[in-house]
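Participant: Any chance you could fold what I've pasted below:
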Amino acid sequence: MAKHKLDVTIGSVSEVYDGAGGILWEMLMGEQIHVGAESETDVLAAKAGVSDKTHLLDVCSALGGPARHLAKKYGCRVTGLDATRRMDEEAKRRTKEAGLDGAIDYVLGNALDMPFPQSTFDVVWGQDAWCYITDKERLIEECVRVLKPGGTLAFTDWLETGPMTGDEVTALNTFMVFPYMETLDGYAALAEAAGLTVIEKEDLSPDFATHVQGYLDMVQNDFRQAIIDNYGQAMYDAVEEGITLWRDASAAGKVGRGRLIARK
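Facilitator: Numbers count the residues shown, from 1 in each chain. The predicted model follows:
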């Protein structure tokens, strides 16, 4: 379903999140590293039916912000899967510091070849991170494989939402180190092809441009000097240009965000 795919690998993404990229996105989004922070995690948890009986897999769990919030608030058991070593180590450190290491396990691994037996989890979950995955079809198949019968797939992601030129697609994805973006209908089709029943798909794009404008405001005001001091003027210019590009594309309805809930 991807029309235009960049030569981005799991190594490319790990390199960014092992370095300045991971630090920058935590500055802008907090340790949850997704749009809407804890309030969005709570919306997804309600839709997925998360409770103290749930064993949840967070695919691309990053710093473990959502995992800690879920374990603490809902009493569920969480397994986090991420391919970036710094994120994995930092998630473990912060979780231990929060006294939650008994409720959460973190596994360093690839979402396209998950190191779990079939039918392990009640909920498989993702928040604004699957845009980094190089093969969305394989990703959804792996999510379905490790999901128990009757289990729920629940995720949000950044999406392609309108027509773009090849140059626009390349520029937007290159800045974010996305191999490609899926569409909401594309994700729903992949879920159905993998044997799931789609319960809900929601376009969250109207809200997206506001968030991206907020990130641009923070870069230009709150963090401008810190980025220049730590990473140099060229890095600041590249970040400002890239987020401006995303602000313009989201305001024009070309890129956005969506939420999908499906059942096995």
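Participant: Could you pull out the buried residues of stretch 230-237?
Facilitator: Neighbour-count burial for stretch 230-237, with 16 or more other CB atoms under 10 Å as criterion, is recorded at 231, 236. (Glycine included, C-beta is placed from N, CA and C.)
Participant: Am I right that residue 72 falls within a strand?
Facilitator: No: assessed with DSSP: H, G, I helix; E, B strand; the rest coil, residue 72 is helix; it does not lie in a strand.
Participant: what residues are up against it?
Facilitator: 98, 100 (CB atoms under 8 Å, 6 or more residues apart in numbering).
Participant: Tell me the spacing between it and residue 237.
Facilitator: Applying CB to CB, to the nearest Å, the value for residue 72 to residue 237 is 39 Å.
Participant: what about residue 242, distance to residue 205?
Facilitator: Taken as CB to CB, the span from residue 242 to residue 205 is 19 Å.
Participant: ditto for residue 104
Facilitator: 31 Å.
Participant: Looking at those two, which is more packed in?
Facilitator: Neighbour comparison, residue 104 and residue 205: the larger count goes to residue 104, with 25 against 19 (by other CB atoms under 10 Å).
Participant: does residue 180 count as helix, strand or coil?
Facilitator: The assignment at residue 180 comes out as coil when based on three-state DSSP.
Participant: Verify the stated contact: residue 71 with residue 101.
Facilitator: No: in this structure residue 71 lies outside contact range of residue 101 using CB atoms under 8 Å: 9.8 Å.
Participant: which of the two has more neighbours?
Facilitator: Of the pair residue 71 and residue 101, residue 71 is the one with more neighbours under other CB under 10 Å, namely 22 against 16.
Participant: Give the closest residue to the more buried one in space, chain neighbours not counted.
Facilitator: Distances taken as CB to CB, 6 or more residues apart in numbering place residue 103 nearest to residue 71, at 4.1 Å, with adjacent residues excluded.
Participant: Residue 73: what's it in contact with?
Facilitator: 42, 45.
Participant: now it: how far from residue 222?
Facilitator: Relative to residue 222, residue 73 is positioned 28 Å away (CB to CB).
Participant: Would you mind writing the CA trace of stretch 62-76 as PDB?
Facilitator: Output in PDB follows, covering the C-alpha atoms of stretch 62-76 (Å, rounded to 0.1, in the frame of the first residue of the first chain):
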ATOM      1  CA  ALA A  62      10.700   4.000  23.700                       C
ATOM      2  CA  LEU A  63      11.400   5.500  27.100                       C
ATOM      3  CA  GLY A  64       8.600   3.600  28.700                       C
ATOM      4  CA  GLY A  65       6.400   6.600  29.600                       C
ATOM      5  CA  PRO A  66       3.100   5.000  28.400                       C
ATOM      6  CA  ALA A  67       4.100   1.600  30.000                       C
ATOM      7  CA  ARG A  68       4.700   3.200  33.400                       C
ATOM      8  CA  HIS A  69       1.500   5.300  33.200                       C
ATOM      9  CA  LEU A  70      -0.600   2.200  32.300                       C
ATOM     10  CA  ALA A  71       1.000  -0.100  34.900                       C
ATOM     11  CA  LYS A  72       0.500   2.600  37.600                       C
ATOM     12  CA  LYS A  73      -3.000   3.800  36.700                       C
ATOM     13  CA  TYR A  74      -4.600   0.500  35.500                       C
ATOM     14  CA  GLY A  75      -2.600  -2.100  37.400                       C
ATOM     15  CA  CYS A  76      -2.000  -4.000  34.100                       C
END
